[in-house]
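J.: When you get a sec, could you give me coordinates for this:
(4 chains)
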There are 2 protein chains.
Amino acid sequence: MVVTLRDVARAAGVSPATASRALSAPDLVAPARREHVQQVARELGYRPNRAARELITGRTGNLCLVVPDLENPFFAAVAKGVQARARALGFALLVADAEEDPRLESELVGHLGAQVDGVILCSPRMTDVELDRLGRDVLDDDVPLLLVNRLHAGLPSVVIDNADGIRQAVTHLYALGHRRIGYAGGPVGSWSDAQRRRGLEHASHGLRSIDVVDLGHFPPLFGGGVAAGDLVAASGVTAVLAHNDLLALGILSRLRARGVRVPEDVSVVGYDDIPAATLVSPTLTTVTVPLARLGRAAVDLLIEAGSVPTATESALTSAERARHTAPATALGSDRENAGPPSVLIGVELVVRASTGVASAQSSAAGG
Amino acid sequence: MVVTLRDVARAAGVSPATASRALSAPDLVAPARREHVQQVARELGYRPNRAARELITGRTGNLCLVVPDLENPFFAAVAKGVQARARALGFALLVADAEEDPRLESELVGHLGAQVDGVILCSPRMTDVELDRLGRDVLDDDVPLLLVNRLHAGLPSVVIDNADGIRQAVTHLYALGHRRIGYAGGPVGSWSDAQRRRGLEHASHGLRSIDVVDLGHFPPLFGGGVAAGDLVAASGVTAVLAHNDLLALGILSRLRARGVRVPEDVSVVGYDDIPAATLVSPTLTTVTVPLARLGRAAVDLLIEAGSVPTATESALTSAERARHTAPATALGSDRENAGPPSVLIGVELVVRASTGVASAQSSAAGG
DNA sequence: TCGATGAATGAATGCGATTTCAGCACGTTC
DNA sequence: GAACGTGCTGAAATCGCATTCATTCATCGA
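T.: As a prediction, the model looks like this:
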């Protein structure tokens, strides 16, 4: 029924060893014979059995991606990029949704890590100790683990330039005349939220007479934004930075419901630039993150860091690979003992309709 | 380094055969011995090698999901449901994004089909002949293929009740006084679009003096809706049904840009109820589809139809499984020779702010 | 012309599990 | 007491492929 390598070998009149080589190490076989075997294999519709190959080589040809929530457009975009790049390199992709649960995250990494050549863990909620344990004890030593949107000693990672995005947003608002700016943060333990807070502090230090109001921590979802919206209205700020777009959209919605006009009364800035940011009215000014590129870079770095051989014949050359992820900046790779490499993905503010000149009225109310 | 079954056997003082049985067919081993082996395995941290197991059993413990676009919230929601159910049954899930390309779709099914126990193909764009070929030639006979949102002879499927959703929407609009209703369709070859057109025709036949205007076919994306918006304005309809929410949101946006008020001048109804439907203003009246349930039902039916043994010890009981997918209606499973079973997922209109009473003015303009 | 080098090939091994198959001890039945 | 099931166990045979090792044969240098 199913065609095996022996069948090919028999049909081609060679030994299984030669057939194997003709297909997966062509240089070792005389050209004429090689062609013949390949031809026969094609005619018979031979498909190598992955399990058998894996059993002997130890490599699966699979990568694994763990995200907190597949339905969240941020992670969906990353997943898309990861999937595309993985396939281009000949890998299949196992995707797991951790349902925002740190414990499930580790469990998934543990389970899936056993049957893949590398793991990409996206925006992990888990603690640093747990992360350490994963890298050390849970995964086999030859299964590299890469973090997206989080830095951790000893693990390679791909992160976005959180601080710079905030800086651009603050600068934009300052230029529009805003002097009292609110920040609606993400969850308490969030690494990227800590980064953004730091960037916010740093950026505001350089500006005269600016006042930053911490509105607190919120679930990075639409519902969180609804709650945040009331605090925005109560705080007397003329502009608000949200930890991400979903939060910003929630704020937008709540402000509208309360009759606060955007951007006339309050300006709102998001982060991530998810598709919905252009679907609403006013369209959302936000920090655009090249999420697909982020995903691609993650795969490339994972392969590189773990020195995982690409899975198939159709793997792109490394030159091509570099081209795909070009504009990213390598962190630490120029220092000699830099440990695992990290890639920093640049971001860019896109100004849309949710930000405008600070109104005198609101300014007065705020001051 | 890595603990193998032989190690466990040696440490427990039994043969590899007994060790194997103690772990994966406990009934065959004397209770005392069984406990002992299991204990030793736990202490040694034994993890069975999936490749070795697969090689001999022929089962991988993986399922595969192919979708046109992971970033599309419709497919993201389905993927989430599929993933959750697969994991609950002990399967890992390979996810592939076909980039809206029918050829890539088949290629992915071919590639991934070789390393999974079942394939779920979501809203395939491919032709019926191609679908036939997949089921017959490409996949191994013991790898079941299930379709989501498409019916095809010989293949099990999970579909949503397209016609009924349209019927509910039309009835709603009719009750609001709309007599001239536009339909902005999906892509030309789309199976679900054909279903909805049929449902539309059928529903309108039952209603007096109703006029349905076919606005044509559009890409089921925001951009398609922008184009459709102009046709809506030009057609003199007082209400429009869109093939899906993204399209509806595009229409909404375009109408607003042109100064057409929703719902005062024109009512808009979407389909799917994606998250963004409640993020916009006015919030979108739409047909809500329980996508996560759809995904879960797909997995269950796939397992059942292919009689794929669930992968692990932690599989839920069939009672539990039934509970998860309860409100779905089985199609054809009560006919004796019904062929592969299909499940019909019910839908429900949710009325929000984008539909209202038909205005006399627009009615006049339309009539 | 002869030994040495190297390319091309085939026989055989093993990856780590599952699964016959046969054997053994024990109890039951005629 | 012989014959026969029953319950557990271990030896050994796969599963499909990659790879080591040995062999053959042609080629080359001296």
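J.: where does the stretch 151-300 of chain A have low pLDDT?
T.: For the stretch 151-300 of chain A, no stretch is flagged by pLDDT under 70.
J.: again, only this time at 90
T.: Along the stretch 151-300 of chain A, segments meeting pLDDT under 90 span A:154, A:189-190, A:206, A:279, A:281.
J.: Point me to the residue of it nearest DNA strand D.
T.: Distances between the stretch 151-300 of chain A and DNA strand D by C-beta to the nearest atom of the strand are smallest at A:V299, namely 22.9 Å. Placement of C-beta: from N, CA and C, glycine included.
J.: Tell me the spacing between the closest residue to A:N72 other than its chain neighbours and B:L55.
T.: Nearest residue to A:N72, sequence neighbours excluded (C-beta to C-beta, 6 or more residues apart in numbering or on different chains): A:L246, at 7.5 Å. Relative to B:L55, A:L246 is positioned 45 Å away (C-beta to C-beta, to the nearest Å).
J.: out of these two, which sits in the more crowded spot?
T.: Neighbour tally, A:L246 and B:L55, criterion other C-beta atoms under 10 Å in any protein chain shown: the higher count belongs to A:L246, 28 against 17.
J.: I'd like the distance from whichever helix or strand the more buried one is part of to the chain centre, please.
T.: Assigned by DSSP states H and E, A:L246 falls within helix A:245-257. What separates the centre of helix A:245-257 from the centre of its chain is 24 Å, taken as C-alpha atoms, centre = their mean, to the nearest Å.
J.: Quick check, the residue of the stretch 151-300 of chain A closest to DNA strand D in contact with A:L63.
T.: Yes. Contact criterion C-beta atoms under 8 Å: A:V299 and A:L63 qualify, at 6.9 Å.
J.: can you pull the contacts of A:A153?
T.: A:A153 is in contact with A:G339, counting by C-beta atoms under 8 Å, 6 or more residues apart in numbering or on different chains.
J.: I meant A:A276, not that one.
T.: Shown in contact with A:A276 (C-beta under 8 Å, 6+ apart): A:73, A:245-246, A:249, B:275-276, B:279.
J.: and if you look at A:S204?
T.: A:S204 neighbours (C-beta under 8 Å, 6+ apart): A:170, A:181, A:210, A:212.
J.: quick one: which of the residues you listed is nearest B:F91?
T.: Ranked by distance to B:F91 (C-beta to C-beta), these are led by A:V170 at 46.8 Å.
J.: Going toward the C-terminus from the helix holding A:L246, what's the next helix or strand?
T.: As assigned by DSSP H and E, the chain's next helix or strand after helix A:245-257 is strand A:267-269.
J.: what's the helix or strand that that next one is followed by packed up against?
T.: Sequence order places strand A:286-288 as the next helix or strand after strand A:267-269, per DSSP H and E. The helices and strands touching strand A:286-288, judged by 3 or more C-beta pairs under 8 Å, 6 or more residues apart in numbering or on different chains; DSSP states H and E, are helix A:162-175, strand A:348-350.
J.: ok, whichever helix or strand comes after the first one: who's next to it in the sheet?
T.: Scanning forward in sequence from helix A:162-175, with DSSP H and E defining helices and strands, the next element found is strand A:180-185. Strand pairing for strand A:180-185, determined by DSSP bridges: strand A:211-217 (parallel), strand A:239-242 (parallel).
J.: Among those strands, show me which one is buried the most.
T.: strand A:239-242 (a mean of 30; mean count of other C-beta atoms under 10 Å in any protein chain shown).
J.: Which residues does it contact?
T.: Residues contacting strand A:239-242 (C-beta under 8 Å, 6+ apart): A:166, A:169-170, A:173, A:176, A:178, A:180-184, A:200, A:215, A:225, A:228, A:232, A:248, A:251, A:266-271, A:355, A:358.
J.: Restricting to those, which residues neighbour DNA strand C?
T.: Among these, no residue lies close to DNA strand C (C-beta under 7 Å from any atom of the strand).
J.: all strands for chain A, in order.
T.: Taking DSSP state E to define them, one finds strands in chain A at A:62-67, A:92-97, A:119-122, A:145-148, A:157-160, A:180-185, A:211-217, A:239-242, A:267-269, A:286-288, A:329-331, A:342-345, A:348-350.
J.: Out of these, which one sits most buried?
T.: Of the strands of chain A, the one with the most neighbours on average (mean count of other C-beta under 10 Å) is strand A:239-242, at a mean of 30.
J.: Return the distance of it from the chain's centre.
T.: Counting by C-alpha atoms, centre = their mean, strand A:239-242 comes out at 23 Å from the chain centroid.
J.: related to what we said a few turns ago, of the contacts of A:S204, closest to DNA strand C?
T.: The nearest member of the contacts of A:S204 to DNA strand C, counting by C-beta to the nearest atom of the strand, is A:V170 at 55.3 Å.
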